[in-house]
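>>> A structural model of the following input is requested.
(2 chains)
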Amino acid sequence: MALKIEKTFQVPEPAEKVWAILSDPRKVATCVPGAQITGQVDEKTYQGAISVKVGPSVTDYKGDVQIVRLDAQAHEIEILGKGQDVRGRGSASMKMTGRLRALPDGGTEIASVSEVNIVGILAQMGSRVIAEVSNIMFDQFVKNFQALLKQPSDAPESQGMAAREASPINATSLAWEAAKGLLRGKS
Amino acid sequence: MSILHKTSPEVGGLGHPIKRKEDLRFIQGKGNYVDDVRLPGMVYGQVVRSPYAHARIKSISTEEAKKLSGVLAIITGEDLAKANLAWMPTLSYDKQMVLATGKVLFQSQEVAFVVAEDRYTAADAAELVEVEYEELPVLVDPHKAMDPGAPILREDREQKSNHIFHWEVGDRKATDEVFQKSAVKAKVQAFFPRCHPAPLETCGCVADFNRATGRLTVYMTSQAPHVHRTVFALVGGIPENNIRVVSPDIGGGFGNKVPVYPGYVCAIVASLTLGRPVKWIETRSENLQSTGFARDYHMTAEIAADSDGKMKALRVKTLADHGAFNAAAQPTKFPAGLFSICTGSYDFSNAFCEVDGVYTNKAPGGIAYRCSFRVTEAAYLIERVVDVLAQELKMDPADVRRKNFIPANKFPYKCALGWTYDSGNYEAAMKLALDKISYQQLRKEQAEKRAKGELMGIGISSFTEIVGAGPAHTFDILGIKMFDSCEIRVHPTGKAMARMGTKSQGQGHETTYAQIVAQELGIPAADVTIEEGDTDTAPYGLGTYASRSTPTSGAATAMAARKIRDKAKKIAAHLLECSENDLEWEPGKFYVKGAPSKAKTIQEIAFAAYTNVPPGLEAGLEAVDYYDPPNLTFPFGTYVCVVDIDKGTGEVKVRRFVAVDDCGNIINPMIVDGQIHGGLTEGLGIAFMQQIDYDENGNVQGGSFMDYLLPTAVETPHWETDKTCTPSPHHPFGAKGVGESPNVGSPAAFVNAVVDALSHLGVKHIDMPITPWKVWNVLKEKGVAA
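So this is what the prediction gives:
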């Protein structure tokens, strides 16, 4: 199942500060619910994991995150992530392009385009639900991202953030949120 | 042929709407389904399934799973291969994997089988089986299956292509010539989507191999227990006398419980290995994703006609998506089953039909969902293209049908594609349906509404069925002819027990077969116990599907009862001290001609059969009959559907639905009505709600009830039913079979109604399922969405 998710949001911080986080997959990963970077292969390639809980079973994707393109001048990054569930329940891949634009008020607009491809049990939930689940994950990501921006740049990752990494996101409760979202006509 | 003797309500023979005997236990929750079977020492199996539609298996690690306390065994394809059981034959001369070896070919394919002390441990252990896959290119579009660059799915086959079969019937040249000369041509491309019977009870079994006796007992959700016993004997090498298959109560089958599924085989292998009873029960999603789907036919139909609407020739071309294995559970000698009934109710002088089957990365199947082996696809197609012809000619669809029906005086009728229809009166059925729904008034109302910009449609479907598999010239399973059987034993007190080779899954056999015995022998239906499904006790039979029970076992029941009646006559003559020739029969007694008071009841005769038999006659009152029908039966009917469409939402509301069925003589009108109600409701689901769809990666998009919708009481309209009666001339009591008619006939009525509502906008066809979204998009495209 393939779907394209386009999202744009704004933060009050200047573009350089935002870029420092966005260009570092280790930092970005801490903002993605249920995700973590587990190792680094080379300058551009990292090993990562993300857990998604559907009902009683947890899908643990493990794989590589690769920076395909990094343009510090234009503040653009392209990341390719590919993972397989450790127990062979499916695979997922995502190509994400992020672009920053400095705003007149000194803040920054972050525009992202993600092409997600899911195979396996998660994909059976249907694109309506998956899209809404992605929306909710993205909302959570934005909150985490904003919180990270507020931290002093040299501070270690907060305890709260680390705790969130350990617990997988729960797609069943997300599905309920998604259903509510659909009823509100939010998607 | 009419029913000669109408029995009293107390006897309850043919035509009495007596309540279903089996319902007493069902409504009290006292049914005995396979998951109710609990045996001492029983353990549980769970299938590990593939998340990928097409992938090579690089490794399977069972180490972690085996460490879990309570896990007894884990079987993989490699294990089965050692016993030569990794593959099994299908009913369509293909083979399918029991557990995957080498690679998987569809999402949810069976990869391993875990056995544990309890169900929870089995499920947990299945999660711990680690399978490493290498993803392969996925083929989901059957149109691309024959492309030169398409991945070859079945590496096991000698033929290195995804093509399974090409089949054609009829005269291509003569048909093409008619088309060349014809003034009017109508064409429709219609996809009958992949749907699923989704019976209330999923599939499952308890396999119990007794090491002491060497006997294997399998309790299973089987529509054909004897056939399954024979298959297990042939494939597994177990002597057939050492196998007992028991089909307990079954919660709906609709064709889904005809095939042998890998889960059954794994449970049997596990029981043979462990020497303990092994239970395997599917979850809902497993049932929807891996067991026999139905339809998935991409069809094109063309009609050549004169400008006055007289149809001359029919040309049909179909691409059949069979999924990963050709596991179509169909016993005809033709790869597309009875699809060549596609000339339907119409008198075509020329016809040609061709079908190509291909493999894709989807679940295997092609079962006959409440259908006689592709008759649903055929009926839908012809009823759809006839409407398109009416639209092309700006004629009323009822008039086009009337003009082209096979006339009632032409039966038995041999159609252009070779079938001999037994009997029919199509115009009478359509007239009754149109009168009942006030057709002319509806057309007037429609014109008024159109003037106001409102959308209303009327759809007609005048279908012909082909059921009652079936005569040996058309059918066999593993060479076994498609007869069916009945054994009747009349006890000394005049009560009776009868057993059949069929198996009810909700059809009400315990009632209807008892009514046949009541009709033929005059023993009250209440005094006749019917038993089916245990291969140790029932006579051999081919099972229940394709509306075949009444045409075959029902006929066998009448024939066996008549054998008993012949013997009873001898005993009656002995008791009444007269010649057999002096006796007359009425249900329940023999009496001396001209002296009705000199009579012996069947109960008196039964007692005498054990206490006072005439010299030279053996004791007892029993008979067996194996009935091989001389022809199929051809039930028919006309359904008329009225819909209103909401221009704001695209929602289609079925305002009225009139179903006139003709299934010949009726055993129990209440059960027939129940069958029609159920089948129409299923047809509604197929027409408007259901599809087992796949995305481009082969992920199932209809794999749970979240996405595969069943109609509930909320969505279901009021069904209005009525009957005409044109008995089958070759069936012992003129019956034809009815279970499938509503599922076969209704999809076209629904779709024709929707298209009729939009026809003035130039809409000629919309594929099922006709969801509000689909309709709304059409409305938007035509500029009429509110």
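>>> list the contacts of the closest residue to chain A within the stretch 651-786 of chain B.
When you check the stretch 651-786 of chain B against chain A by Cβ to the nearest Cβ, the closest residue turns out to be residue B:699, at 3.8 Å. Using the backbone N, CA and C atoms, a C-beta is placed for each residue, glycine as well. With contacts defined as Cβ atoms under 8 Å, 6 or more residues apart in numbering or on different chains, the neighbours of residue B:699 are A:1, A:118-120, A:123-124, B:53, B:107.
>>> and which of those is nearest residue B:432?
For these, the residue nearest residue B:432 by Cβ to Cβ is residue A:124; the value is 45.6 Å.
>>> how far away is the closest one from chain B?
In this structure, residue A:124 and chain B are separated by 5 Å, where distance is defined by Cβ to the nearest Cβ, to the nearest Å.
>>> circling back: which ones among the contacts of residue B:699 map onto strands?
When DSSP state E defines the strands, the subset of those inside them is A:118-120.
>>> and those near chain B, which?
With respect to chain B, and counting by Cβ under 8 Å from any Cβ of the partner chain, the subset of these in contact is A:118-120.
>>> returning to that earlier point: what sits closest to the residue of the stretch 651-786 of chain B closest to chain A if chain neighbours are left out?
Once its chain neighbours are removed from consideration, residue B:699 has its nearest residue in residue A:123; the separation is 3.8 Å (Cβ to Cβ, 6 or more residues apart in numbering or on different chains).
>>> in this structure residue B:32 contacts residue B:247, no?
No - in this structure, residue B:32 sits apart from residue B:247 without contact. The criterion is Cβ atoms under 8 Å, and the distance is 10.7 Å.
>>> more neighbours: which of these two?
When residue B:32 is set against residue B:247 and neighbours are counted by other Cβ atoms under 10 Å in any protein chain shown, the residue ahead is residue B:247, at 29 against 11.
>>> show the pLDDT at the residue nearest to that one when sequence neighbours are not counted.
Taking Cβ to Cβ, 6+ apart as the measure, residue B:247 lies nearest to residue B:533, with 3.6 Å between them; neighbours along the chain are not counted. pLDDT for residue B:533: 97.
>>> now residue A:173
60.
>>> also residue B:742?
Confidence score, pLDDT, at residue B:742: 98.
>>> picking up where we left off before, mind giving me JSON lines with the contacts of residue B:699 and columns for pLDDT and distance to residue B:636?
Output for the contacts of residue B:699, formatted as JSON lines (pLDDT from 0 to 100; distance: Cβ to Cβ, whole Å):
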{"residue": "A:1", "pLDDT": "77", "distance to residue B:636": "43"}
{"residue": "A:118", "pLDDT": "86", "distance to residue B:636": "47"}
{"residue": "A:119", "pLDDT": "88", "distance to residue B:636": "46"}
{"residue": "A:120", "pLDDT": "86", "distance to residue B:636": "46"}
{"residue": "A:123", "pLDDT": "81", "distance to residue B:636": "43"}
{"residue": "A:124", "pLDDT": "78", "distance to residue B:636": "40"}
{"residue": "B:53", "pLDDT": "96", "distance to residue B:636": "40"}
{"residue": "B:107", "pLDDT": "96", "distance to residue B:636": "39"}
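>>> picking that back up, ok, and the most crowded of the ones next to chain B among the ones in strands among the contacts of residue B:699?
With neighbours defined as other Cβ under 10 Å, the most crowded of these is residue A:119; it has 27 neighbours.
>>> want to throw the ones next to chain B among the ones in strands among the contacts of residue B:699 into a markdown table with distance to residue A:49?
As requested, those are exported to a markdown table (distance: Cβ to Cβ, whole Å):
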| residue | distance to residue A:49 |
| --- | --- |
| A:118 | 16 |
| A:119 | 17 |
| A:120 | 16 |
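>>> get me the contact residues on chain A for chain B.
For chain A, the residues in contact with chain B under the definition Cβ under 8 Å from any Cβ are A:1-2, A:57, A:84-91, A:117-121, A:123-127, A:129.
>>> which of those are buried, as a PyMOL select command?
Of these, the buried ones can be selected in PyMOL as follows, counting by 16 or more other Cβ atoms under 10 Å in any protein chain shown:
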select buried, chain A and resi 1+57+84+85+86+87+88+89+90+91+117+118+119+120+121+123+124+125+126+127+129
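>>> could you measure from the residue positioned nearest the centre of chain A over to chain B?
The geometric centre of chain A, computed from its C-alpha atoms, lies nearest to residue A:32 (Cα atoms, centre = their mean), at 4.2 Å. When Cβ to the nearest Cβ is applied, the distance between residue A:32 and chain B equals 22 Å.
>>> thought residue A:50 was touching that residue, still the case?
Yes - with contacts defined as Cβ under 8 Å, residue A:32 counts as touching residue A:50 at a distance of 6.8 Å.
>>> lowest-confidence helix or strand of chain B?
Evaluated with mean pLDDT, DSSP states H and E, the helix-and-strand set of chain B has its lowest mean pLDDT in strand B:365-367, which scores a mean of 88.
>>> can you list the low-confidence ranges for chain A?
Flagging of chain A using pLDDT under 70 yields the residue ranges A:53-57, A:126-128, A:153-187.
>>> ranges for the helices of the stretch 201-350 of chain B?
Taking DSSP state H, counting those that start in this stretch as the criterion, the stretch 201-350 of chain B contains helices spanning B:225-236, B:262-274, B:284-290.
>>> repeat that for the stretch 601-750 of chain B.
Remark: helices assigned in the stretch 601-750 of chain B by DSSP H, counting those that start in this stretch are B:602-611, B:669-688, B:741-758.
>>> ok, chain A next?
Per DSSP state H, chain A carries helices over the ranges A:15-22, A:25-31, A:127-150, A:159-166, A:171-183.
>>> domain map for chain B?
When chain B is parsed into structural domains using automatic domain parsing, the resulting residue ranges are B:23-30+B:483-627, B:41-136+B:202-250+B:257-290, B:293-401+B:425-469+B:631-781.
>>> now do the same end-to-end measure for the shortest one.
One end of domain B:23-30+B:483-627 sits 28 Å from the other (Cα to Cα, to the nearest Å).
>>> ok, the second one next?
Start and end residues of domain B:41-136+B:202-250+B:257-290 are separated by 29 Å (Cα to Cα).
>>> with the longest one instead?
According to Cα to Cα, domain B:293-401+B:425-469+B:631-781 extends 33 Å from its N-terminal end residue to its C-terminal end residue.
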